[in-house]
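Novice: sharing a sequence plus its predicted fold:
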Amino acid sequence: DAKTTQPTSMDCAEGRAANLPCNHSTISGNEYVYWYRQIHSQGPQYIIHGLKNNETNEMASLIITEDRKSSTLILPHATLRDTAVYYCIVRRLSNSGYALNFGKGTSLLVTP
Amino acid sequence: KAGVTQTPRYLIKTRGQQVTLSCSPISGHRSVSWYQQTPGQGLQFLFEYFSETQRNKGNFPGRFSGRQFSNSRSEMNVSTLELGDSALYLCASSLAASGGVPNEQFFGPGTRLTVL
């Protein structure tokens, strides 16, 4: 699976949009981009995934560049409860099963 | 629908002992994965089970083992505990039968293991 690069930490003011970047320049055509987050002392939580097109759900939006070498997770109106570590994961579909390579992630701090 | 449950939530053991952790997946989920999380190494994949068979394995020594039962519940065992095995052990379940389709994994709260 392709390697991802994320900033170590970011800050965001409550109520503003949080834009979390991820670089995956070696991504191949059959690899999906997944985002998970982990709030302190809890298990990771799935946020969103995408292949080529931009995706939106009730939690966030995922913007993937046309060349697919980078993506941005957008939390449109960040709240204090969005303070967490956010993981960008690139995963190839495989019938040999699931394994997520979490990496270090971005620690997002939402401030009042 | 109940989420992924893990028992016990906290555990203290001494070096050399063995430990068994339990995971009950979301009803209907047949894939169960285990991860180890430490401050130094982060979240690392241990293994995945599907239909009672280990389908995928991470880079951990043979002291780490697991199994899955016919009701999809899973256990992982660590023998001859070392201080470095102190970690949060997370279990995740998934609905999709095949790894060939995009899916999401649902994580439990984890078991915090401390080895003294």
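Specialist: Looks like it arrived, so ask away. Numbering: from 1, shown residues only, chains lettered A, B, ... in the order given.
Novice: return the helix or strand in chain B with minimum mean pLDDT.
Specialist: strand B:53-57 (a mean of 88; mean pLDDT, DSSP states H and E).
Novice: dump the residue contacts of A:Trp54.
Specialist: Rather than Trp, residue A:54 is Asn. Neighbouring residues of A:Asn54 by Cβ atoms under 8 Å, 6 or more residues apart in numbering or on different chains: A:Ser61, A:Leu62, A:Ile63, A:Ile64. Quick note: C-beta positions are derived from backbone N, CA and C, even for glycine.
Novice: direction included, what does the helix or strand harbouring the second one pair against?
Specialist: The reference is to A:Leu62. In this assignment (DSSP states H and E), A:Leu62 forms part of strand A:61-64. Sheet pairing for strand A:61-64, assigned by DSSP bridges, gives strand A:55-56 (antiparallel), strand A:70-75 (antiparallel).
Novice: right, and these - which one's nearest B:Thr114?
Specialist: With Cβ to Cβ, the closest approach to B:Thr114 among the strands paired with strand A:61-64 belongs to strand A:70-75: 33.5 Å.
Novice: against A:Ile39, how distant is whichever residue of chain B sits closest to chain A?
Specialist: Of all residues in chain B, B:Phe107 sits closest to chain A, at 3.1 Å by Cβ to the nearest Cβ. Applying Cβ to Cβ, to the nearest Å, the value for B:Phe107 to A:Ile39 is 11 Å.
Novice: with adjacent residues omitted, what lies nearest to the residue nearest the centre of chain B?
Specialist: Residue closest to the average C-alpha location in chain B (Cα atoms, centre = their mean): B:Trp34, at 2.8 Å. Leaving out its chain neighbours, the residue that sits closest to B:Trp34 by Cβ to Cβ, 6 or more residues apart in numbering or on different chains is B:Leu46, at 4.1 Å.
Novice: measure the one you found to B:Ser22 for me?
Specialist: In terms of Cβ to Cβ, B:Leu46 sits 14 Å off from B:Ser22.
Novice: B:Arg9 contacts B:Cys91, doesn't it?
Specialist: No. Contact criterion Cβ atoms under 8 Å: B:Arg9 and B:Cys91 do not qualify, at 12.0 Å.
Novice: and the two? Which one has more around it.
Specialist: A side-by-side neighbour count of B:Arg9 and B:Cys91, using other Cβ atoms under 10 Å in any protein chain shown, places B:Cys91 first with 30 against 11.
Novice: beta partners of that one?
Specialist: B:Trp34.
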